[in-house]
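A.B. asks: Pasted the sequence and its predicted model underneath.
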Amino acid sequence: MTMTRKPPPLLLAAALLLATATGAAETDAVVQAWPARKPQRDAALEARVEMALKGLSLRQKIGQMTQPEIRAITPDEVREYAIGTVLNGGGGWPGQDRTATPAQWRAVSEAYQAAALQATPGIPLIWGTDAVHGHNNVRGATLFPHNIALGATRDADLVRDIGRATARAVRASGLHWAFAPTLAVVQDVRWGRTYESFGVDPELVKRLGRASVEGLQEGLKEGRGVLATAKHYVADGGTRRGIDQGVSPTTPTELAQVHGAGYLGALDAGVLTVMASFSSWTDSAAYVEHGKMHGNRLLLTGVLKERLAFDGLVVSDWDGIGQLPGCSNEDCPAAINAGIDIVMVPFHWKAFFNNTLRAAEQGRIPMARIDDAVRRILRVKFNVGMASSVPATVDALQAPELARRAVRESLVLLKHKPGLLPLKQTSRVLVVGAAADSLAHQSGGWSMTWQGRDTSNTDYPQGTTLLAALRQRLGTAQVVYDADGSMHNPKDFDAVVAVLAETPYAEGEGDVRITENLRHSHRHPQDAAVLQRVAGRGAPVVTLLYSGRPLYVSDLANKSDAFIAAWQPGTEGMGLTDVLVAPADGKPWPGFTGRLSFPWPAGPCQFSAHAANPWWPVGGGLSGREARADAKPLPEPADPQPICPL
């Protein structure tokens, strides 16, 4: 039997004092890495908030903090539980009718609103939605290129205009809150949410993130703007190996200066809501694991609410509370005590409501914390003009010319044989690749549904595929479509346009697994086969890649005379032809103006956003007017599917 000797009491006290001092010093270092800000409050608004708060019972306060999904709650239940906010997830529609019109969306919103105002007179309900590249969950809405493409434009005015157009579409359907923009500064492009980021440069993310918030929230009190959401706080783009919802190992300084940059820009723009990240943070300087962000009081309260003086509300992500130790999707005082104000519990909301009410009554959640959360919610709500000034029409959902411009300015030319582009108006073109006539592949994830792949062209009646756009520009007789490239001889055409694509995905579904690499052709061998059938057979090949991140494509680029990073351009295929085809009216050809906001890998294992010697660095890309070609073949790995080191 082994006996353990107890240390002397003085030694125990000294050790406890040292541990306390070390913890306090580390906490101070984390907080002080961020710039101190002063709160800006409106006295009249604060008085209104306090008066409304005093009139609420504890039960009503818990209702304000609970966010169900529309598929799981009725207007009668909104009234019964005094619910203050709802959301629709990807693939959540009124009555589960994916063809619902803006008027039908608004009718449901008004029913919820009437019920909420009966439960809490004078305190409206707000409805949130993932409008991440336009009002992407609603049939008929224009879908813009994803943020990675907008980062390639570097155009803050464009991003601001897209925010305005998105807000207009959201308000047309009676909603008030967009869960956007994502402000991640991605460190590893294996992450399945890379396309939601503007780029690897914190200053670019800060500038474009600010513009997005400004556009979304413009006219908020007049009923034409929507609440923006700075997400996902914080360092969601810094997870080890790019694993979604993983651990971000970084120093307090890097956390603030790199991953926090976008939040400073959003705060400068007056953002009113912040969404907590699924990810965790490990202080790599102090070797301390701080756990999941949903339970991180130091960062949610100490940094965001106190140091940065954020007076808006913090919302959890979808069932994010259930990932905290000792918590479930139905019960988690720890998240609220850490600083979460509205808890997104889509299908577990009743149990959550009852458990949270009980926890507050028992003192496990202090009343001061409940009141702080509700005070923040009311402050935000009273900034929103609830009567929409936007008509509930399909026209209000659309901004095709703006989206077309965004597509045109986001394309990045990575390889080009001089003189090939633009194609002439008289060109006879063979189009290959199934993605050429697929609005699902053209739009990517978060398009009508969460993953975006379980859709068809009929879900996008407002959209134009690249194939359709080429036929409009060149004439139907001049454009022949051969999906797999097996039915026609390329030598009978002036050029071949090949469209390759990642399968649409969202969040962790799009992570590149540890056993995989970035080589597009091993995950999509059908694309490589199509290109093989048409390359070097008498007509130059122009290849477009639809992707949510830079991918290793040397084997594909070597078979192409021009190679274009087209990202996930959305519903306006005419923006692609604006650059592919010479103008018909004698106007000057715009050329390619997009420049990479991420480096483009030179190898299949070049995951890091800071990798040395990429094929193209950040800022890279051709205009199409260069006098020389990059004739040197790119190196290809001998192994068709190399194993990458961890």
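C.D. replies: Happy to help now that I have it. Numbering: from 1, shown residues only.
A.B. asks: could you measure the residue nearest to Arg190 when sequence neighbours are not counted against Ala149, distance?
C.D. replies: The spatial neighbour of Arg190 that comes closest, neighbours along the chain excluded (Cβ to Cβ, 6 or more residues apart in numbering), is Gly242 at 3.4 Å. (C-beta placed from N, C-alpha, C; glycine too.) Gly242 sits 19 Å away from Ala149, going by Cβ to Cβ, to the nearest Å.
A.B. asks: Poorly predicted segments of this structure, please.
C.D. replies: 1-23, 627-631 (pLDDT under 70).
A.B. asks: repeat that for 50
C.D. replies: By pLDDT under 50, the weakly predicted segments of the chain are 1-9, 11-20, 22.
A.B. asks: Nearest residue to the spatially most central residue of it in space, ignoring adjacent ones along the chain?
C.D. replies: Centroid-nearest residue in the chain: Glu196, 3.5 Å away (criterion: Cα atoms, centre = their mean). Nearest non-adjacent residue to Glu196, counting by Cβ to Cβ, 6+ apart: Thr182, 3.9 Å away.
A.B. asks: Burial check on the one you found, number of neighbours?
C.D. replies: By other Cβ atoms under 10 Å, 25 other residues sit near Thr182.
A.B. asks: what do you get for Lys61?
C.D. replies: 24.
A.B. asks: Pull the contacting residues for the residue lying closest to Glu69 once chain neighbours are set aside.
C.D. replies: The shortest distance from Glu69 to any non-neighbouring residue, by Cβ to Cβ, 6+ apart, is to Pro346 (3.5 Å). Contact partners of Pro346, counting by Cβ atoms under 8 Å, 6 or more residues apart in numbering, are 67-69, 71-72, 87, 89, 318-319.
A.B. asks: how close does Ile243 sit to Glu306?
C.D. replies: 30 Å.
A.B. asks: Quick check: can you list the domain ranges of the chain?
C.D. replies: What automatic domain parsing lists as the domains of the chain is 35-381, 400-580.
A.B. asks: Any idea how far apart the tips of the first one sit?
C.D. replies: The separation between the terminal residues of domain 35-381, taken as Cα to Cα, to the nearest Å, is 27 Å.
A.B. asks: any idea how far Asn296 lies from Asn337?
C.D. replies: 11 Å.
A.B. asks: which one of these two has more residues nearby?
C.D. replies: Set Asn296 next to Asn337 and count neighbours by other Cβ under 10 Å: Asn296 wins out with 24 against 17.
A.B. asks: Am I right that that one is in contact with Asp283?
C.D. replies: No. Using Cβ atoms under 8 Å, Asn296 is not in contact with Asp283, being 11.1 Å away.
A.B. asks: Could you check which of Gly242 and Ala149 has the larger neighbour count?
C.D. replies: Just comparing Gly242 and Ala149: by other Cβ under 10 Å the higher neighbour count belongs to Ala149, 28 against 25.
A.B. asks: now for the helix or strand the more buried one falls within, which elements pack on it?
C.D. replies: Assigned by DSSP states H and E, Ala149 belongs to helix 147-153. Secondary-structure packing of helix 147-153 (3 or more Cβ pairs under 8 Å, 6 or more residues apart in numbering; DSSP states H and E): helix 156-172, helix 202-217, helix 400-410, strand 562-567.
A.B. asks: So which of the ones you listed is the most surrounded?
C.D. replies: With neighbours taken as mean count of other Cβ atoms under 10 Å, the helices and strands packed on helix 147-153 reach their highest mean count in strand 562-567, at a mean of 27.
A.B. asks: what's in contact with whichever helix or strand comes after that one?
C.D. replies: Toward the C-terminus, strand 562-567 is succeeded by helix 574-580 as the next helix or strand (DSSP H and E). Where contact means Cβ under 8 Å, 6+ apart, the residues beyond helix 574-580 that reach it are 400, 403-408, 411, 421-423, 464, 466, 469-470, 472-473, 497, 542, 544, 566, 569, 589-592, 624.
A.B. asks: Would you state the strands of the stretch 1-150 of the chain in chain order?
C.D. replies: In the stretch 1-150 of the chain, the segments counted as strands under DSSP state E, counting those that start in this stretch are 66-67, 85-88, 126-129.
A.B. asks: Run through the helices of the stretch 51-200 of the chain in chain order.
C.D. replies: Ranges of helices in the stretch 51-200 of the chain, per DSSP state H, counting those that start in this stretch, are 58-64, 75-81, 102-119, 147-153, 156-172.
A.B. asks: With just CA atoms, put the last one into CSV.
C.D. replies: If I follow you right, that is helix 156-172. Extracted C-alpha coordinates of helix 156-172, given in CSV (Å, rounded to 0.1, in the frame of the first residue of the first chain):
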residue,chain,number,x,y,z
ALA,A,156,-15.7,46.8,-50.4
ASP,A,157,-18.2,48.8,-52.3
LEU,A,158,-19.4,45.7,-54.2
VAL,A,159,-19.6,43.7,-50.9
ARG,A,160,-21.6,46.6,-49.3
ASP,A,161,-24.0,46.6,-52.3
ILE,A,162,-24.5,42.8,-52.0
GLY,A,163,-25.3,43.3,-48.3
ARG,A,164,-28.0,45.9,-49.2
ALA,A,165,-29.5,43.6,-51.9
THR,A,166,-29.5,40.6,-49.5
ALA,A,167,-31.2,42.7,-46.8
ARG,A,168,-33.8,43.7,-49.3
ALA,A,169,-34.5,40.1,-50.2
VAL,A,170,-34.7,39.0,-46.6
ARG,A,171,-37.1,41.8,-45.6
ALA,A,172,-39.2,41.0,-48.7
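A.B. asks: That one vs helix 202-217, what angle?
C.D. replies: Comparing the axes of helix 156-172 and helix 202-217 via axes from the mean of the first three to the mean of the last three Cα atoms, to 10 degrees yields an angle of 40 degrees.
A.B. asks: helices or strands up against helix 156-172?
C.D. replies: If contacts are counted by 3+ Cβ pairs under 8 Å, 6+ apart, helix 156-172 sits against helix 147-153, strand 177-178, helix 202-217, helix 400-410.
A.B. asks: quick one: which of these is nearest Glu77?
C.D. replies: Judged by Cβ to Cβ, the one of the helices and strands packed on helix 156-172 that comes nearest to Glu77 is strand 177-178, at 19.7 Å.
A.B. asks: residues in contact with the closest one?
C.D. replies: Residues outside strand 177-178 that contact it (Cβ under 8 Å, 6+ apart) are 85, 87, 126-132, 166-167, 170, 216, 226-229, 273.
A.B. asks: same thing but 10 Å
C.D. replies: 85-87, 126-132, 135, 163, 166-167, 169-170, 212-213, 216-217, 225-229, 272-273, 315, 380, 384 (Cβ atoms under 10 Å, 6 or more residues apart in numbering).
A.B. asks: wait, doesn't Leu313 sit right on Thr273?
C.D. replies: Yes. At 5.4 Å, Leu313 counts as touching Thr273 under the criterion of Cβ atoms under 10 Å.
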